[in-house]
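**Q** Could you look at this predicted model? Sequence included:
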Amino acid sequence: MNYTWKNRSVVITGGAGCIGSILAKRLVQEGANVKILDNLERGALEFITPFIDKVDFHQMDLRNLEETRDCLKGSEVVFHLASKVGGIKVYLNHPGDILNNNLLIDQNVFKAIIEHRIPSVFYASSAHVYPEERQQTPDSSPLTEDEAYPANPGLSYGWGKLIGEQTLEGFAQEHPWLRVSIARIVGAYGYNQDIGLETGSVIPVLCHRALRANRREAIPLWGTGEETRSYCFIDDVVDAILRSISAQKNHSIVGPFSLGQEGRVTIKTIAEHIIKIADKDLTLSFDLSVKTTLWGQAVTCTLAKQLLYDWVPNTSFEEGLKKTYEHVKTRLPNET
């Protein structure tokens, strides 16, 4: 896998977010000319401050077509990570807003890519594209890529990502100069995630709660705790994303492929691991009033391994949880 990023002109939409900031750091280290686009709705300058003098940062809104056109001009590779996202309550309470905004963001980015003839694109899709009914038991069999159709995502976020996939695949068929990678990311976690108790996803929120909790306090969980998920540490996700661009030498469309770590763990088990890391005498409480929309979410990564030069995640879940906990701790410096 011979591929060099030195002096390549790269744009990362959502580049101050969780995945984007780690991707940007890696590309800077490899000598790329990196431009970051982010409206800082969920991203944060603090995530890119250590290397901000080495990137071209633009605080802008991708829902503005003219701004999007201007910022993408001259780039060789676009990593399109930006979308309106949140914890499960955000998706459930604002389905129209989520879908409308994400369709507009994707439409503007894709228009700019075609108008400027940008030859290489990575698109961050999601495991939420998979049918709701295949994720309704904690022990459902792992999802495979061909199960995305007939389509029936449980969240509007998933519908938006499916439309984004179809649009990019269509453009790649129309324009022979375009190469596209599409990854259905599942359970990415690690540094620089949203740690808000109402807006964040489960792992950073549980780390936050454990750090804030007094000894013998109960940590609340939404649902029964028996829901299962699969998680992949951020460093491994970024490695796969970069490999997918290299794979474009052999394929005009790389994917869509599931990008995650095989296996599954219950939410309750995650909480117990984090309590152990925190080294506190904490218990768990369960809020059964919160509706469970996805009981089980796990994928096979056979296609990713085939397409991405034998890629497999290298970070164990236990190691990733420890790194995430310690990172959240640095963002809550007064907690022990």
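**A** Right, received. Where do you want to start?

**Q** all helices of the stretch 201-336 of the chain, in order?
**A** For the stretch 201-336 of the chain, applying DSSP state H, counting those that start in this stretch gives helices covering 202-212, 234-246, 267-278, 302-307, 317-331.

**Q** outside of the shortest one, which residues touch it?
**A** Spelled out, that is helix 302-307. Applying C-beta atoms under 8 Å, 6 or more residues apart in numbering, the external contacts of helix 302-307 come out as 144-145, 183, 240, 244, 247, 251, 254-255, 257-259, 311-312. C-beta: built from backbone N, CA, C; applies to glycine.

**Q** ok, back up a step: of the helices of the stretch 201-336 of the chain, which is nearest His175?
**A** helix 234-246 (17.3 Å; C-beta to C-beta).

**Q** If you count contacts, what does the closest one end up packed against?
**A** helix 18-29, strand 120-126, strand 179-185, strand 188-189, strand 253-259 (3 or more C-beta pairs under 8 Å, 6 or more residues apart in numbering; DSSP states H and E).

**Q** picking that back up, now for the helices of the stretch 201-336 of the chain, which one comes closest to Phe79?
**A** Of all the helices of the stretch 201-336 of the chain, helix 234-246 comes closest under C-beta to C-beta, at 6.9 Å.

**Q** Buried ones in stretch 160-177, by neighbour count?
**A** Gly160, Lys161, Leu162, Ile163, Gly164, Glu165, Leu168, Glu169, Phe171, Ala172 (16 or more other C-beta atoms under 10 Å).

**Q** In CSV, list the helices and strands packed on helix 234-246 along with mean pLDDT, distance to Asp287 and mean neighbour count.
**A** As requested, the helices and strands packed on helix 234-246 are exported to CSV (pLDDT from 0 to 100; distance: least, C-beta to C-beta, whole Å; neighbours: other C-beta atoms under 10 Å):
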stretch, mean pLDDT, distance to Asp287, mean neighbour count
helix 18-29, 98, 25, 23
strand 120-126, 98, 25, 24
strand 179-185, 98, 27, 25
strand 188-189, 96, 22, 23
strand 253-259, 98, 30, 25
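
**Q** Tabulate those (CSV), appending distance to Ile52.
**A** CSV is the format used below for those (distance: least, C-beta to C-beta, whole Å):
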stretch, distance to Ile52
helix 18-29, 10
strand 120-126, 22
strand 179-185, 25
strand 188-189, 23
strand 253-259, 27
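
**Q** Ok, which of those comes nearest Asp70?
**A** Of all these, strand 120-126 comes closest under C-beta to C-beta, at 17.9 Å.

**Q** how far is that closest one from where the chain is centred?
**A** 10 Å (C-alpha atoms, centre = their mean, to the nearest Å).

**Q** Same check on stretch 303-310?
**A** 19 Å.

**Q** Just the CA trace of it, in CSV.
**A** Coordinates of each C-alpha in stretch 303-310 appear next as CSV, following Å, rounded to 0.1, in the frame of the first residue of the first chain:
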residue,chain,number,x,y,z
LEU,A,303,-15.5,-6.4,3.0
ALA,A,304,-13.4,-3.7,4.7
LYS,A,305,-10.6,-6.2,5.2
GLN,A,306,-10.7,-7.2,1.5
LEU,A,307,-10.9,-3.7,0.2
LEU,A,308,-8.5,-2.0,2.6
TYR,A,309,-5.3,-4.1,2.3
ASP,A,310,-6.1,-6.5,5.2
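
**Q** for this structure, longest helix please?
**A** In the chain, taking DSSP state H as the definition, the longest helix is helix 95-116.

**Q** Other residues contacting that one?
**A** 13, 62-65, 68-69, 71-75, 78, 80, 82-86, 90-91, 118, 121, 155-157, 159-161, 163-164, 167-168, 171, 175, 178.

**Q** Low-confidence stretches in the stretch 1-150 of the chain?
**A** 1-2, 87 (pLDDT under 70).

**Q** Name the residues of stretch 67-84 that are buried.
**A** 67-69, 71-72, 75, 77-84.

**Q** I'd like to know which of the residues you listed is nearest to Asp38.
**A** Ala82 (7.1 Å).

**Q** That closest one and Arg26, how far apart?
**A** To Arg26, Ala82 is 18 Å away according to C-beta to C-beta, to the nearest Å.

**Q** and what of Glu66?
**A** 30 Å.
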